[in-house]
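Asks: heads up, no residue letters with this:
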Ligand SMILES: C[S@@+](CC[C@H](N)C(=O)[O-])C[C@H]1O[C@@H](n2cnc3c(N)ncnc32)[C@H](O)[C@@H]1O
């Protein structure tokens, strides 16, 4: 039983009053309170998607277990045999549950189990411990298994020395007299109390203690340094093995619903698939692996750096079939141009012929396709791509039914500028088959894709742990929904008749999931709803998983095993996730 007068972890999730009223109206008080409680806790297990193009679950299990301290013993059966990570989900009476095992239904997924909440005593040999107060973002990361990094430290008891065991608390936003959200602790604050230890009179932090750690820096160091670990956690309210940055290229840490979303789209080898809002590439790489890297996945994002993240991830995972482009998905549909317009266009509109053509180019030895030197390129580059034979003629190209070259004559000055632009690399250029080349993608011809994944930005009010939700206003929620509808309009036009669209969000806000679904069905009479997430609607997902198990069955299993056993406070690692699958009716 938690003692209300002692420091502990019982945070109250704060919402904007209007948003709270809306959710209470929609869900009722009890369900809303359950959501709030679940949101503040981290999941008690982590899902690791295995890159089965490079490795196997078995190999990953062994490597993970090597990484996670003392874990090997959990994979030995009572007679000491290695169980290969196939321990059952249900723990038959043994003290130690398996901490790492292959998901029984998803054969490319490994579950790493954590535990909690744990009661922690914040008393040291000389009374209450000294304290380090961290920011909310930092605390959310710590709850997911991270240590406390320097930028996350807000305040610290005086006289904290390297090696001291300190209590870690989080400063959460609360309303001031004017009703504005304030944190009330500025970076660099020294907590003053008689002994420089926990400020028990600070009632607002009493319920916000997330564990104990060993200071790796003194108080002055914590505020002097700009990066690095400030406190290494030694006891946590929730334990999850830190998995970030390990086995790069072999695994990807991904929430179960995201893994499922890719399964629901069910991409087949050889298909043309679009991931409209793709960064950092979690779902795009999942799709590629399901397609065994055969076919074409176009992964777009509106941010240049994020497109680079997708490329980096694909490269790490040794995936070849992903083409990542910077495209504003709100304007992704572009009319195909006829040949007379070629050469006048600054950016290209991609269609299937272009994608096929680009794929064929990948057989060219790297380095020969595009030569960034204007003079040389006129001799060496593949004629359809890049620059024409004259230095003052910069050839743009667009792709219509057949690949057609277009030539636009420019002044010498402009040609030199183009040359500089191309040499300057990533800032203004886009990668083409691993080269930095001037391929500016404007958008896509209608009906280019067999399947479209729309995983749009959303309020993310289903992702946890979340310690504050007050920044979301009714107007903000409305904007998310409008944005998603506009993206959906584009998705519908890019999908071929008979093709499929999967739309997914991770929010409890029905305005962003159910309302967008209704909008889609009301607006596009030629769309049919194939399935949707069983949490919010009746029909279950029909995407078939390994062993012929449907997604709906999987979710039921998840609820039975993972939820009850690991996580009584809420469903799955993401609550309120939503997946809907549509078919564009065949002509
Ligand atoms: C929910 S995240 C996508 C996560 C991704 N699907 C994954 O599984 O890794 C949403 C992404 O949409 C991108 N985005 C937002 N507006 C966009 C737009 N108009 N066009 C393209 N991308 C957009 C954001 O930059 C962000 O990376």
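Replies: Received the coordinates, thanks. Everything numeric in this text was worked out from a predicted model, so none of it was measured. Residues are numbered from 1 along each chain as shown.
Asks: Please work out the average pLDDT along the longest helix along the chain.
Replies: As assigned by DSSP state H, the longest helix anywhere in the chain is helix 474-494. The average of the pLDDT scores along helix 474-494 is 97.
Asks: Show me what the helix or strand that comes right after that helix is packed up against.
Replies: Counting by DSSP states H and E, the next helix or strand C-terminal to helix 474-494 is strand 495-506. Packing partners of strand 495-506 (3 or more Cβ pairs under 8 Å, 6 or more residues apart in numbering; DSSP states H and E): helix 256-265, strand 449-454, helix 474-494, helix 514-523, strand 577-584. In this view, the C-beta of every residue, glycine as well, is placed from N, C-alpha and C.
Asks: Give me the contacts around the shortest one.
Replies: The contact list for strand 449-454, computed with Cβ atoms under 8 Å, 6 or more residues apart in numbering, reads 261-262, 265-268, 271-278, 283-284, 287, 298, 484, 487-488, 491, 494-496, 499-504.
Asks: thinking again about what came up before, got a markdown table for the helices and strands packed on strand 495-506, with mean neighbour count too?
Replies: Listed next are the helices and strands packed on strand 495-506 as a markdown table, based on neighbours: other Cβ atoms under 10 Å:
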| stretch | mean neighbour count |
| --- | --- |
| helix 256-265 | 25 |
| strand 449-454 | 26 |
| helix 474-494 | 18 |
| helix 514-523 | 16 |
| strand 577-584 | 25 |
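Asks: This protein against the ligand: which residues are in contact?
Replies: When proximity is defined by Cβ under 6 Å from any ligand atom, the chain lies next to the ligand at 258, 277-283, 300-303, 306, 328-330, 455, 457.
Asks: Filter the residues you listed down to just the ones in strands.
Replies: Among these, DSSP state E puts 300, 301 in strands.
Asks: Need the pLDDT of the closest residue to the ligand within the stretch 451-587 of the chain.
Replies: Closest to the ligand within the stretch 451-587 of the chain is residue 455: 3.7 Å, counting by Cβ to the nearest ligand atom. The confidence metric pLDDT takes the value 97 at residue 455.
Asks: quick one, phi psi at it?
Replies: For residue 455, the backbone dihedrals are phi -120, psi 80 (criterion: degrees, to the nearest 10).
Asks: Tell me which residues touch it, please.
Replies: 258, 261, 275, 276, 277, 278, 283, 503, 504, 505.
Asks: For the second one, which non-adjacent residue is closest in space?
Replies: Distances taken as Cβ to Cβ, 6 or more residues apart in numbering put residue 504 closest to residue 261, at 4.5 Å, once the chain neighbours are dropped.
Asks: Pretty sure residue 314 sits in a strand.
Replies: No: secondary structure of residue 314 (DSSP: H, G, I helix; E, B strand; the rest coil): helix, not part of a strand.
Asks: Hmm, residue 324 and it touching each other?
Replies: Yes: between residue 314 and residue 324 there is a contact under Cβ atoms under 8 Å: 7.0 Å.
Asks: quick one: common contacting residues for those two?
Replies: 281, 284, 299.
Asks: ok, how many other residues are close to the second one?
Replies: Translated: residue 284. Residues lying near residue 284 (other Cβ atoms under 10 Å) number 30.
Asks: That one and residue 322 touch, don't they?
Replies: Yes: look at residue 284 against residue 322 with Cβ under 8 Å: they come within range, at 5.7 Å.
Asks: which residues are common contacts for the two?
Replies: Common neighbours of residue 284 and residue 322 (Cβ under 8 Å, 6+ apart) are 297, 299, 310, 314.
Asks: Please list all residues in contact with the second one.
Replies: Going back to what we said before, that points to residue 299. 275, 278, 279, 281, 284, 307, 310, 314, 322, 323, 324, 325.
Asks: and which of these is nearest the ligand?
Replies: For those, the nearest to the ligand is residue 279 (3.6 Å; Cβ to the nearest ligand atom).
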